[in-house]
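Novice: Prediction below, plus the sequence it came from.
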Amino acid sequence: MYNSPANTLFIGSKLIYLPECHSTNTTALQLLQQESLPEGTVIITDRQLAGRGQRGNSWEAVSGQNLTFSMVLRPRFLPIQDQFLLNISISLAISDFLTDLQLSGAAIKWPNDLYAGSKKLGGILIESSLKNAQLEWSVIGIGINVNQKEFSVPTATSLALELGCDHSLQQLLDQLLKALEVRYLQLMKQKKTQELRREYLERMYWLGEWHLFETEGKQFTGKIVGIDPRGKLAVLHQQEEQLHYYGIQQIRYLA
Ligand code: BTN
């Protein structure tokens, strides 16, 4: 069971709690077809039966131990070509939230995974609808591993493992929704595009380091040097000494 946070203006004012569902993103998309939801509506569950991740992956989380929710936004003020700014602002909000929890070594793995050291702590799945060449609404799905201590993959971690203690899910939800609202209002009102991009790069995983990547089945050594205005990842290839730009389906981080 969760309650609306008392510390926000509109994010989470309408909160729909489902003990169990297939995926909070899917539920949000279905509800948006049936009714108009106020901006900031949050759909949260204890247990997802078919949680979805990026690139068609699934999102696994042990029941009642983690944060799994979706938030409905209407970022009509954002030109379509700038929609990556929404990814940036949501990623920064979660990164702010992790910093407030005194988590050291948190980074944003492009486009919007949250890492603690070299392990994944959380992920974001943004699904948007366009109308008349404008963003009509966006469903922001967020999964953060909180009190779970055992994972089926060695590359996952949780706040409990990183910080050495359990947390109240309601308290964390309140803090996280506040952080999301602060960053969303900043995007809506101040539109400090360059500053947001700069902050995002400052917190970016593997930025400026040589690593092994894979594209089209081939491995290469490269260095992430930034993102382009649309959010594509700019990677310098070591061997060719040339810059290449990648979308999310086009590149994999290896080692
Ligand atoms: C990823 O890292 O691939 C994104 C994971 C997003 C998971 C969250 S959990 C709540 C919301 N509902 C879903 O089905 N997915 C997102």
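Specialist: Perfect, I can see it now.
Novice: So which bits of the stretch 1-150 of the chain are right by the ligand?
Specialist: Counting by CB under 6 Å from any ligand atom, the positions of the stretch 1-150 of the chain adjacent to the ligand are 23-25, 48, 51-54, 57, 59, 68-70, 113, 123-125, 141-143. In short, each C-beta sits where N, CA and C put it, glycine included.
Novice: repeat that for 5 Å
Specialist: Selection of the stretch 1-150 of the chain residues close to the ligand by CB under 5 Å from any ligand atom yields 23-25, 51-54, 59, 68, 123, 125, 141, 143.
Novice: got JSON lines for these, with secondary structure and pLDDT too?
Specialist: Shown next, in JSON lines, are those (DSSP: H, G, I helix; E, B strand; the rest coil; pLDDT from 0 to 100):
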{"residue": "23", "secondary structure": "coil", "pLDDT": "98"}
{"residue": "24", "secondary structure": "helix", "pLDDT": "98"}
{"residue": "25", "secondary structure": "helix", "pLDDT": "98"}
{"residue": "51", "secondary structure": "coil", "pLDDT": "97"}
{"residue": "52", "secondary structure": "strand", "pLDDT": "98"}
{"residue": "53", "secondary structure": "coil", "pLDDT": "96"}
{"residue": "54", "secondary structure": "helix", "pLDDT": "94"}
{"residue": "59", "secondary structure": "coil", "pLDDT": "97"}
{"residue": "68", "secondary structure": "strand", "pLDDT": "98"}
{"residue": "123", "secondary structure": "strand", "pLDDT": "98"}
{"residue": "125", "secondary structure": "strand", "pLDDT": "98"}
{"residue": "141", "secondary structure": "strand", "pLDDT": "98"}
{"residue": "143", "secondary structure": "strand", "pLDDT": "98"}
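Novice: in the stretch 51-200 of the chain, which spans are helices?
Specialist: Remark: helices assigned in the stretch 51-200 of the chain by DSSP state H, counting those that start in this stretch are 84-100, 159-163, 169-185, 193-202.
Novice: check contacts around the nearest residue to residue 116 once chain neighbours are set aside.
Specialist: Once flanking residues are discounted, residue 116 sits nearest to residue 162: 4.8 Å by CB to CB, 6 or more residues apart in numbering. Residue 162 sits next to 103, 116-117, 121 when contact means CB atoms under 8 Å, 6 or more residues apart in numbering.
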